[in-house]
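J.: return atomic coordinates for the entry below.
(one chain, ligands or ions: 1)
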Amino acid sequence: MSLLDVRGLTVTYAGGAQAVRGVDLRLDAGRKLGIAGESGCGKSTLALALLRLLPAGTRTGGEILLDGEDVLAMKWGRVRAVRWAGASIVFQGAMHSLNPVRRVGDQIAEPILLHRRATPAGARKRTGELLEHVGLPAARASAYPHELSGGQRQRVMIAMALACDPRLIIADEPTTALDVMIQAQILRLIERLVADQDVGLIMISHDLAVLAGTCDRLAVMYAGRVVEEGPARQVYEAARHPYAEALSAAFPRIGDPASRFAPRGLPGDPPDPSALPSGCAFHPRCPVARDSCATDDQPLRAAGPQRWAACVRVADDEREARAAAGTAAPHGEPDSPEEARRTTP
Ligand SMILES: Nc1ncnc2c1ncn2[C@@H]1O[C@H](COP(=O)(O)OP(=O)(O)OP(=O)(O)O)[C@@H](O)[C@H]1O
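T.: Okay, the predicted model is just below:
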């Protein structure tokens, strides 16, 4: 059983914005899944849905199985028990997430006490250990957030996320507000913690290069859907969906100095989720769109080993491969993530 198994997740905000539209994702313990996409593609909405943190009036559908238990079907008492202990979130911009008038040690101890994991004295001891674990002296527990640098505050947020030994950590743009050197340190810290503690990591970012350097797998979202998913390096270096390709070209390529000077932008913006275009939601911006893309949406299809993409070009390749090799799915791969789920124990 996977640590996290998201099946057909939909999220519609009270005003009608369809922020997440049928997302399937899987994650095993000790693995790192990156979720990429421009601002407004639904990444944060997906993260909030995983812990039922969406505003009242938001409608959700599908299943979010955390260790086999559907988060969307849980009673509130169970949801509260799962937050911090089953899964926790590290948000972007620690200054806004930490309480400015409370010492950081007290804030780290809070979930430990809330979940009755230790006595107040035990929670203080654990807080010191957690701070050291994330590379800060235990004595910093008595500091207020404004007395710490941005990188130190983000370390505090990570310590807090680890406080109740969660099985899953969701990091939403954890390094966006930090300078490049500190960003690299925090990313290495997160990687080490995931490896040491065998937790699953979902890291959300608009920066495909950061995700490719940190995660095992990468899912690219556009207009509330996953349009490509696969091994992180492959998606970053040889994307099959035109949107994933454009997103990848918008960032300097790791180890390729030439591309540092020639990142390419993608004109336009993601669509308003209350008024989505017909057919493939990317077609108005797609450089290779055809007439049929304005009317026909494409499901995720096998685009290589453990790889899926939702584009008519992949459908063409699939048709050709089927014609050449009989009726079996190309690459010997399951046709879709749902099929993979059915065939993988
Ligand atoms: N509370 C809300 N009510 C209505 N619409 C919302 C709400 N929160 C987000 N949205 C809309 O849902 C869509 C997805 O937003 P979301 O924040 O999930 O995207 P994102 O990819 O995480 O972007 P960012 O990186 O800017 O956070 C956007 O169009 C946004 O305007």
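J.: please count neighbours and contacts with C-alpha atoms only from this point.
T.: Will do.
J.: so how far is E110 from T119?
T.: 11 Å (Cα to Cα, to the nearest Å).
J.: those two: who's more crowded?
T.: E110 (18 against 11; other Cα atoms under 10 Å).
J.: dihedrals phi and psi, the more buried one?
T.: phi -60, psi -50 (degrees, to the nearest 10).
J.: tell me the pLDDT of it.
T.: Listed pLDDT for E110 reads 92.
J.: also Q197?
T.: 82.
J.: look up how far the ligand lies from it.
T.: 27 Å (Cα to the nearest ligand atom, to the nearest Å).
J.: so who does that residue touch?
T.: G30 (Cα atoms under 8 Å, 6 or more residues apart in numbering).
J.: show me which residues of the protein sit near the ligand.
T.: Residues of the chain lying close to the ligand by Cα under 6 Å from any ligand atom are 13, 15, 17, 19, 38-45, 272-273.
J.: of all these, which two lie farthest apart?
T.: G15 and E38 (21.4 Å; Cα to Cα).
J.: the two - which one has more neighbours?
T.: E38 (18 against 9).
J.: the closest residue to V71 other than its chain neighbours: neighbour count?
T.: Counting by Cα to Cα, 6 or more residues apart in numbering, V71 lies nearest to I64, which is 5.4 Å off, once chain neighbours are set aside. By other Cα under 10 Å, the residues close to I64 number 25.
J.: may I see the buried residues of whatever helix or strand I64 lives in?
T.: Counting by DSSP states H and E, the element that carries I64 is strand 59-66. Buried residues in strand 59-66, counted by 16 or more other Cα atoms under 10 Å: T60, G62, E63, I64, L65, L66.
J.: contact partners of the very next helix or strand once past that strand?
T.: Following strand 59-66 in sequence order, the next helix or strand is strand 69-70 (DSSP H and E). Defining contact as Cα under 8 Å, 6+ apart, one finds that strand 69-70 is touched by E63, I64.
J.: surely M157 is in contact with V90?
T.: Yes. In this structure, M157 is within contact of V90 by Cα atoms under 8 Å, at 6.1 Å.
J.: these two: which is more packed in?
T.: Higher neighbour count among M157 and V90: M157, with 27 against 23, using other Cα under 10 Å.
J.: burial count for P137?
T.: 13.
J.: now do it, the pLDDT please.
T.: For P137, the predicted pLDDT is 94.
J.: how much space between it and the ligand?
T.: For P137, the distance to the ligand - Cα to the nearest ligand atom - is 32 Å.
J.: which residue is the nearest non-sequential neighbour of that residue?
T.: That would be L131: by Cα to Cα, 6+ apart, it lies 6.3 Å from P137.
J.: show me what contacts the one you found?
T.: Contacts of L131 (Cα under 8 Å, 6+ apart): P137, A138, R140, A141, R155, V156, A159.
J.: identify, from those residues, the entry nearest to Q234.
T.: R155 (30.1 Å).
J.: quick one, phi psi at R7?
T.: phi -120, psi 110.
J.: next, count neighbours for it.
T.: 19.
J.: from the contacts of L131, which land in strands?
T.: Among the contacts of L131, no member falls in strands (DSSP state E).
J.: which of those has the most neighbours?
T.: Top of the contacts of L131 by neighbour number is V156, holding 29 neighbours under the definition other Cα under 10 Å.
J.: doesn't V104 make contact with it?
T.: Yes. Distance between V156 and V104: 7.1 Å, which falls inside the contact criterion (Cα under 8 Å).
J.: list the buried ones in the helix or strand hosting M181?
T.: Using DSSP H and E, the element containing M181 is helix 180-197. By neighbour count with 16+ other Cα under 10 Å, helix 180-197 contains the buried residues I182, Q183, I186, L187, L189, I190, E191, L193, V194, A195.
J.: so how far is the next helix or strand after it off the chain centroid?
T.: Once the chain leaves helix 180-197, the next helix or strand it forms, by DSSP H and E, is strand 200-205. Its chain's C-alpha centre and that of strand 200-205 lie 4 Å apart, by Cα atoms, centre = their mean, to the nearest Å.
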